[in-house]
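J.: Structure here, sequence nowhere to be found:
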Ligand SMILES: Nc1ncnc2c1ncn2[C@@H]1O[C@H](COP(=O)(O)OS(=O)(=O)O)[C@@H](OP(=O)(O)O)[C@H]1O
């Protein structure tokens, strides 16, 4: 308990160009900024809680031709290290409302991120981009505007949820892989929420409780589209939609908010 609250106290974020980030990231920023990708590197660029772990597992399963044993070689955060963790594009977007709810629970259970406060407080902080890794709006707008200029595959969490086979096929094509039907079906099965929730290489169960306290909220929490409806009040929803319209003006992007 003491360790937990000490970590929480040290979990204040610092900023780079106005974007709140973890202290270790900010302290190593020059090294991170100098990262040079190799021509065949594949970057997964997700807003927190948008389905990072899901797309990481899908990409690894594609690379390994659905060899489950090979995908068990290490935990997901080692198979696909985070550049900004200073131990070192494929943006995946998830609708802002579900991201907000998922992030709120994550900040409650993650002892190295600041305490999110009440849901009402968090709602305001998220809208203002005063959360780790900054504004959802800036992330999505930034990548959406760049997607046609670079070799970028823009994916939506909600689409993967709706038709995983079709979306996984799209990722494989982007990676230049031709998957036969059996391999594809296996990837769909192995990357389902239920399977990944039970898989110690993806469910973060190997991370100590002093860092991720899964008794507060599991890392693999619900994995659904539309959980925001259980959290947003009518007034919050109206306010959010108004802000969304303003911030996303001129962006022709359609997020699915329920299935
Ligand atoms: N296979 C699969 N299917 C559906 N949903 C899945 C899957 N794997 C992870 N998830 C859900 O994604 C949310 C976690 O997002 P991230 O992996 O981006 O989190 S993190 O930023 O890396 O901490 C988190 O969402 P919530 O359940 O809404 O909290 C996870 O449950």
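T.: Thanks, I have it. Note that the structure is predicted; figures quoted are calculated from it, not measured.
J.: is it true that residue 37 touches residue 150?
T.: No - because the distance of 11.3 Å does not satisfy C-beta atoms under 8 Å, residue 37 is recorded as not touching residue 150. Placement of C-beta: from N, CA and C, glycine included.
J.: so where do the helices sit in the stretch 1-150 of the chain?
T.: Taking DSSP state H, counting those that start in this stretch as the criterion, the stretch 1-150 of the chain contains helices spanning 2-9, 23-27, 29-33, 52-63, 68-71, 76-79, 96-109, 119-127, 136-146.
J.: Output the contacting helices and strands for the fourth one.
T.: Secondary-structure packing of helix 52-63 (3 or more C-beta pairs under 8 Å, 6 or more residues apart in numbering; DSSP states H and E): strand 44-46, helix 68-71, helix 76-79, strand 90-93, helix 157-162, helix 164-174, helix 181-190, helix 193-198.
J.: and it with helix 181-190, angle?
T.: Angular relation of helix 52-63 and helix 181-190 on a 0 to 180 degree scale: 160 degrees, by axes from the mean of the first three to the mean of the last three C-alpha atoms, to 10 degrees.
J.: residues making contact with helix 52-63?
T.: The contact list for helix 52-63, computed with C-beta atoms under 8 Å, 6 or more residues apart in numbering, reads 42, 44, 46, 71, 76, 79-80, 90, 92, 155, 157, 160, 168, 171-172, 175, 177, 179, 186-187, 190-191, 196, 202, 219.
J.: will you turn the helices and strands packed on helix 52-63 into TSV that also has distance to the ligand?
T.: Below are the helices and strands packed on helix 52-63 laid out as TSV (distance: least, C-beta to the nearest ligand atom, whole Å):
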stretch	distance to the ligand
strand 44-46	5
helix 68-71	13
helix 76-79	8
strand 90-93	8
helix 157-162	6
helix 164-174	8
helix 181-190	9
helix 193-198	4
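J.: want to try TSV for the ones you listed, with mean pLDDT as columns?
T.: As requested, the helices and strands packed on helix 52-63 are arranged in TSV below (pLDDT from 0 to 100):
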stretch	mean pLDDT
strand 44-46	95
helix 68-71	97
helix 76-79	94
strand 90-93	76
helix 157-162	98
helix 164-174	97
helix 181-190	98
helix 193-198	98
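J.: of all those, which lies closest to residue 22?
T.: The minimum distance between residue 22 and those falls on helix 76-79, with 14.1 Å, by C-beta to C-beta.
J.: Distance from that closest one to the middle of the chain?
T.: On the basis of C-alpha atoms, centre = their mean, to the nearest Å, the separation between the geometric centre of helix 76-79 and that of its chain is 14 Å.
J.: Check the burial of the nearest residue in space to residue 96 that is not next to it in sequence by counting its neighbours.
T.: Nearest non-adjacent residue to residue 96, counting by C-beta to C-beta, 6 or more residues apart in numbering: residue 136, 4.8 Å away. Using other C-beta atoms under 10 Å as the criterion, residue 136 is surrounded by 26 other residues.
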